[in-house]
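Colleague: just the structure for this:
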Amino acid sequence: MAADSEPESEVFEITDFTTASEWERFISKVEEVLNDWKLIGNSVGKPLEKGIFTSGTWEEKSDEISFADFKFSVTHHYLVQESTDKEAKDEVLEDVIPQSMQDLLCMNNDFPPRAHCLVRWYGLREFVVIAPAANNDAVLSESKCNLLLSSVSIALGNTGCQVPLFVQIHHKWRRMYVGECQGPGVRTDFEMVHLRKVPNQYTHLSGLLDIFKSKIGCPLTPLPPVNIAIRFTYVLQDWQQYFWPQQPPDIDALVGGEVGGLEFGKLPFGACEDPISELHLATTWPHLTEGIIVDNDVYSDLDPMQAPHWSVRVRKADNPQCLLGDFVTEFFKICRRKESTDEILGRSTFEEEGREIADITHALSKLTEPAPVPIHKLSVSNMVHTAKKKIRKHRGVEESPLNNDVLNTILLFLFPDAASEKPLDGTSSTDNSNPPLESEEYNLYNQFKSAPSDSLTYKLALCLCMINFYHGGLKGVAHLWQEFVLEMRFRWENNFLIPGLASGPPDLRCCLLHQKLQMLNCCIERKKARDEGRKTSPSDNVTNTYSGDAGKSGDQLGPDNLRETDKDKGEVGKSWDSWSDSEEEFFECLSDTEELKGNGQESGKKGGPKEMASLKPEGRLHQHGKLTLLHNGEPLYIPVTQEPAPMTEDLLEEQSEVLAKLGTSAEGAHLRARMQSACLLSDMESFKAANPGCFLEDFVRWYSPRDYIEEEVVDEKGNMVLKGELSARMKIPSNMWVEAWETAKPIPARRQRRLFDDTREAEKVLHYLAVQKPADLARHLLPCVIHAAVLKVKEEESLENISSVKKIIKQIISHSSKVLHFPNPEDKKLEEIIHQITNVEAIIARARSLKAKFGTEKCEQEEEKEDLERFVSCLLEQPEVLVVGAGRGHAGRIIHKLFVNAQRAATMTPAEEELKRMGPPEEKRQNLAADFPPPAGRELILRTAVPRPAPYSRALPQRMYSVLTKEDFRLAGAFSSDTSFF
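Modeller: Reported below is the predicted structural model:
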């Protein structure tokens with residue numbers, strides 16, 4: 001075994017030096033990326049225009065590479081520019097230094113307000129950054145930094161890329177970069193220093209000039225002049241007397257039940273805190289040369305009032321608390337609650353005292369026992385009042401979520417007719433503050449599927465929103481809803497119409513809750529009309545009733561007002577209201593056989609009309625113009641008909657589901673047709689009763705004139721006469737119309753079975769309202785609340801006239817209309833809408849804050865006022881705004897005064913000290929320096945072009961950027977050298 005193992009111990013590993021190492025692979029990948037992005041060779045663009053770094057478009061491309069198992073991201077940042085004509089410049093390009101080196105000396109874009117940090121420090125229009133891919137990774141050791149920099153240098157040399165390539169080192173928050181740019185015979189090294197504590201000699205211009213000159217190490221004795229750009233930034237945080245103009249609502253008054261500060265039905269608006277936290281004034285000296293000014297540790301010429309350029313930016317408060325946004329957000333939170341009204345308010349309000357533990361075996365005994373209570377007291381309205389008493393018994397006065405004053409105020413706001421002796425006859429209440437009908441604002445409810453802004457539903461949504469915020473939260477909402485449902489029950493029982501709802505059938509463009517209330521109003525209208533008819537004419541004298549009504553309706557119906565298939569039955573409702581028969585007659589109809597015997601006729605056309613002609617006409621509304629019956633020449637009368645049953649969208653869905661379930665078989669199709677023709681059959685029966693001896697053709701001429709075709713023909717005597725016949729679809733054997741006509745009996749509408757059972761429908765609506773949980777209610781009313789919030793924002797914006805806000809509001813409306821038209825919109829999408837509304841509110845609040853601080857309303861001269869308003873609107877929309885006239889302009893004087901007031905408050909200087917400022921110019925200038933606090937940031941850019949490293953080298957651009965803040969000091973240098981002549 002030992003002999004066998006000896007040869008193995010002699011085997012040694014052979015390293016193949018021809019295979020690529022990880023470092024070489026990394027360099028290869030960098031080169032590959034640069035080639036893919038076509039960054040090879042020189043591409044000289046146009047000189048940079050002033051302000052292009054802010055106004056232009058920046059784009060970036062990214063890729064991922066790895067060094068062994070350490071991943072890096074490579075990102076190419078570049079300013080999008082028009083491509084230049086390269087053909088004319090091919091010859092010149094050989095000796096031109098790279099574009100980025102030329103940009104180092106460009107002075108058009110110093111201190112851009114919004115740009116990548118490398119753009120601000122070096123003024124580059126294009127560069128590539130290699131950084132660790134993971135956020136928590138960092139290149140910390142010096143050897144690794146040097147290795148990466150070497151890789152960059154080799155990759156640039158191999159590819160001939162002239163775009164600067166940077167490597168991010170240290171932790172990402174430090175923003176430390178080193179990099180290189182290579183060109184034909186030239187190279188620029190990008191270096192950086194980042195310190196927490198600033199050495200004293202570097203806090204002023206003279207010390208920084210010393211660093212710059214020593215770093216350049218220029219061999220020339222008369223050093224070329226250094227070009228200097230300086231910017232000092234002053235921060236104003238204490239606004240002092242320039243108070244925040246928002247008046248907060250008086251919460252104590254609201255909680256106490258007084259509705260003074262904030263009316264019910266009006267949403268609050270504005271920020272609760274100042275949405276502008278700081279004002280930053282940047283004073284800039286863009287073109288200075290060494291020797292013109294003095295700035296050292298003893299004395300400085302850099303007086304902000306003398307700076308030629310002033311620019312201002314405002315720092316906005318992060319997510320300021322806004323009243324409207326909070327109102328809507330809090331209301332939206334109810335949608336996520338699971339509790340029912342009874343769970344929130346305690347045990348069921350309809351339980352009787354002491355009956356909770358009653359034995360269930362005696363539940364049915366009351367059916368057989370004699371009732372000791374008189375029948376007339378067992379009305380639903382009495383139940384409502386006893387329920388109210390029990391609510392008060394269950395929870396004491398103190399426990400009630402809403403106190404009586406607040407509750408009464410809200411109920412009077414919702415039901416203004418309750419204040420008068422008699423309830424209002426009209427069903428809609430109008431308010432002067434509402435937008436005019438048919439206006440864009442008023443019709444927003446169509447898009448949002450909410451409710452008109454003058455409707456009861458809309459007002460209810462606003463009241464619930466306010467109660468949720470100020471008066472007891474969810475419990476208050478449940479309490480008001482309970483009272484509202486009881487009020488609905490009371491109005492149904494006592495025939496009081498619900499105010500604030502448009503008359504007519506439910507409007508399917510509105511939310512379901514609004515449709516339900518409209519349905520209840522339809523039921524009340526029918527019940528009221530029937531009850532009134534019973535009181536006025538208890539006898540069954542039909543002829544008098546209808547003849548009296550015919551004139552009233554006849555005035556409104558012209559002779560040419562023909563009915564179409566989808567007919568408008570406006571006139572029918574008017575006649576229905578005046579019916580005099582009792583309710584029982586609807587249900588005690590004669591059976592088919594009795595009807596046949598009583599009338600002594602057969603259905604259809606088999607000789608029936610002759611017998612029908614002898615019948616007494618019943619249920620006539622009025623004569624139909626000049627039309628006569630085809631066979632006996634009698635005038636054609638329009639009958640009193642039943643209105644089709646109004647339906648809400650959930651009932652329509654139910655009906656369509658039932659019809660769909662009938663299937664596609666012949667039997668199912670026939671049954672479906674029968675179900676859908678109930679209204680048609682009722683109208684045919686009414687027509688036959690009003691026009692004895694009529695035929696189907698007569699009915700069609702009134703009901704659907706398009707299905708009766710008249711043609712001019714020549715008769716036997718040669719005269720032109722009109723001859724009419726039914727349309728092709730009416731002639732189809734056993735079609736629905738023919739079948740219905742054959743089965744229809746001459747029964748006037750008053751003796752037909754009701755198409756619309758208002759009692760049953762009203763009870764269904766009341767039950768639907770009673771079982772709604774606060775979460776369901778909030779879901780129903782959220783579109784109304786969003787609608788109200790959008791109207792409020794539009795109203796407030798119209799006072800400020802901010803163009804950017806107008807665009808955002810249009811976006812909110814289009815977004816909301818898409819989201820709210822779905823039956824159950826997603827919570828996330830609803831939150832987005834509320835967030836957008838809050839953002840707009842914050843923008844308007846910022847505009848008001850700035851206007852108050854700059855005193856735009858106090859300007860006496862119109863021109864100055866316009867300039868200030870323009871300046872304020874620019875502050876809101878642009879990252880940085882130039883102050884026209886710097887410290888001597890109108891806006892500049894106001895800004896100066898703001899700083900003076902803040903400084904005076906900080907040093908507690910009395911106002912009388914201002915008089916001392918009117919001394920000699922020397923003293924005045926020293927005092928002015930104290931008008932501003934020490935600069936929060938000092939930025940300097942030093943530039944020159946010198947031969948480096950030897951006197952005979954080419955003169956190349958050198959640049960150093962310095963920024964000094966309270967806790968941060970950074971030097972970013974770009975030093976170019978000649979690699980051909982050194």
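Colleague: tell me the first helix or strand C-terminal of the helix or strand that contains Thr944.
Modeller: Following DSSP states H and E, one finds Thr944 within strand 937-947. Per DSSP H and E, strand 937-947 leads on to strand 955-965 as the next helix or strand towards the C-terminus.
Colleague: returning to that earlier point: partner strands of the strand holding Thr944 and their direction?
Modeller: Partners of strand 937-947 in the sheet, by DSSP bridges, are strand 227-236 (antiparallel), strand 955-965 (antiparallel).
Colleague: now the ones you listed as CSV including mean neighbour count and distance to Asp867?
Modeller: All C-beta spots, glycine's among them, are computed from the backbone N, C-alpha and C. Shown next, in CSV, are the strands paired with strand 937-947 (neighbours: other Cβ atoms under 10 Å; distance: least, Cβ to Cβ, whole Å):
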stretch, mean neighbour count, distance to Asp867
strand 227-236, 20, 21
strand 955-965, 21, 32
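Colleague: and those: which comes nearest Ser150?
Modeller: strand 955-965 (22.3 Å; Cβ to Cβ).
Colleague: just send the strands paired with strand 937-947 back as a markdown table, with mean pLDDT and distance to Glu796 too.
Modeller: Shown next, in a markdown table, are the strands paired with strand 937-947 (pLDDT from 0 to 100; distance: least, Cβ to Cβ, whole Å):
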| stretch | mean pLDDT | distance to Glu796 |
| --- | --- | --- |
| strand 227-236 | 93 | 27 |
| strand 955-965 | 93 | 38 |
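Colleague: which one of the ones you listed lies closest to Cys679?
Modeller: Per Cβ to Cβ, nearest to Cys679 of the strands paired with strand 937-947: strand 227-236, 73.7 Å.
Colleague: C-alpha coordinates for that closest one, CSV please?
Modeller: Provided in CSV are the C-alpha atoms of strand 227-236 (Å, rounded to 0.1, in the frame of the first residue of the first chain):
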residue,chain,number,x,y,z
ASN,A,227,-12.6,81.7,-12.0
ILE,A,228,-14.9,81.6,-9.0
ALA,A,229,-18.6,81.0,-8.5
ILE,A,230,-20.1,81.2,-5.0
ARG,A,231,-23.5,80.4,-3.6
PHE,A,232,-24.6,81.0,0.0
THR,A,233,-27.9,79.5,1.1
TYR,A,234,-29.9,81.0,4.0
VAL,A,235,-32.7,79.1,5.6
LEU,A,236,-35.8,80.8,7.1
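Colleague: what does it contact?
Modeller: By Cβ atoms under 8 Å, 6 or more residues apart in numbering, the residues outside strand 227-236 that reach it are 105, 107, 110-111, 205, 278-290, 302, 304, 307, 898-899, 902, 932-933, 935-944.
Colleague: separate out the buried members of the residues you listed.
Modeller: Buried by 16 or more other Cβ atoms under 10 Å: 110-111, 205, 279-286, 288, 290, 302, 304, 307, 898-899, 902, 932, 935-944, out of the contacts of strand 227-236.
Colleague: need the helices for the stretch 51-200 of the chain, in chain order.
Modeller: For the stretch 51-200 of the chain, the helices defined by DSSP state H, counting those that start in this stretch occupy 52-55, 99-104, 117-122, 142-159.
Colleague: which helices and strands does the longest one pack with?
Modeller: Read it as helix 142-159. Applying 3 or more Cβ pairs under 8 Å, 6 or more residues apart in numbering; DSSP states H and E, one finds that helix 142-159 contacts helix 22-36, strand 165-169, strand 176-183.
Colleague: so what's the residue count around Ser814?
Modeller: Using other Cβ atoms under 10 Å, Ser814 is surrounded by 11 other residues.
Colleague: who's in contact with the helix or strand containing it?
Modeller: Ser814 belongs to helix 803-820 when elements are defined using DSSP H and E. The set of residues external to helix 803-820 that reach it, using Cβ under 8 Å, 6+ apart, is 444, 447-450, 783, 786, 790, 793-794, 797, 825-826, 829-830, 832-833, 836-837, 839-840, 843-844, 873, 876-877.
Colleague: can we see that at 6 Å?
Modeller: Residues outside helix 803-820 that contact it (Cβ atoms under 6 Å, 6 or more residues apart in numbering) are 447-449, 783, 786, 794, 797, 825, 829, 833, 836, 840, 843, 877.
Colleague: quick one: buried residues of it?
Modeller: So helix 803-820, judged by 16+ other Cβ under 10 Å, has buried residues 805, 808-809, 812-813, 816, 819-820.
Colleague: next structured bit after that helix?
Modeller: Counting by DSSP H and E, the element that comes right after helix 803-820 along the chain is helix 827-854.
Colleague: how far off helix 827-854 does the helix or strand that that following helix is followed by point, in degrees?
Modeller: Once the chain leaves helix 827-854, the next helix or strand it forms, by DSSP H and E, is helix 862-877. Put simply, helix 862-877 runs at 140 degrees to helix 827-854, going by axes from the mean of the first three to the mean of the last three Cα atoms, to 10 degrees.
Colleague: and helix 862-877, what does it pack against?
Modeller: If you count contacts as 3 or more Cβ pairs under 6 Å, 6 or more residues apart in numbering; DSSP states H and E, helix 862-877 packs onto helix 827-854.
Colleague: buried residues, the helix it packs on. List them.
Modeller: Those would be 830, 833-834, 836-854, for helix 827-854 by 16+ other Cβ under 10 Å.
Colleague: can you list the domain ranges for this protein.
Modeller: Here the domain parsing of the chain from the TED database is 24-81+96-218+948-978, 620-747.
Colleague: other SSEs contacting the helix or strand that contains Glu739?
Modeller: Using DSSP H and E, Glu739 falls within helix 736-743. Under the contact criterion of 3+ Cβ pairs under 6 Å, 6+ apart, helix 736-743 touches helix 678-690.
Colleague: now whichever helix or strand comes after the helix it packs on and helix 678-690, what's the angle there?
Modeller: Downstream of helix 678-690, the next assigned helix or strand under DSSP H and E is helix 696-703. Using the same axes, to 10 degrees, the direction of helix 696-703 lies 110 degrees away from that of helix 678-690.
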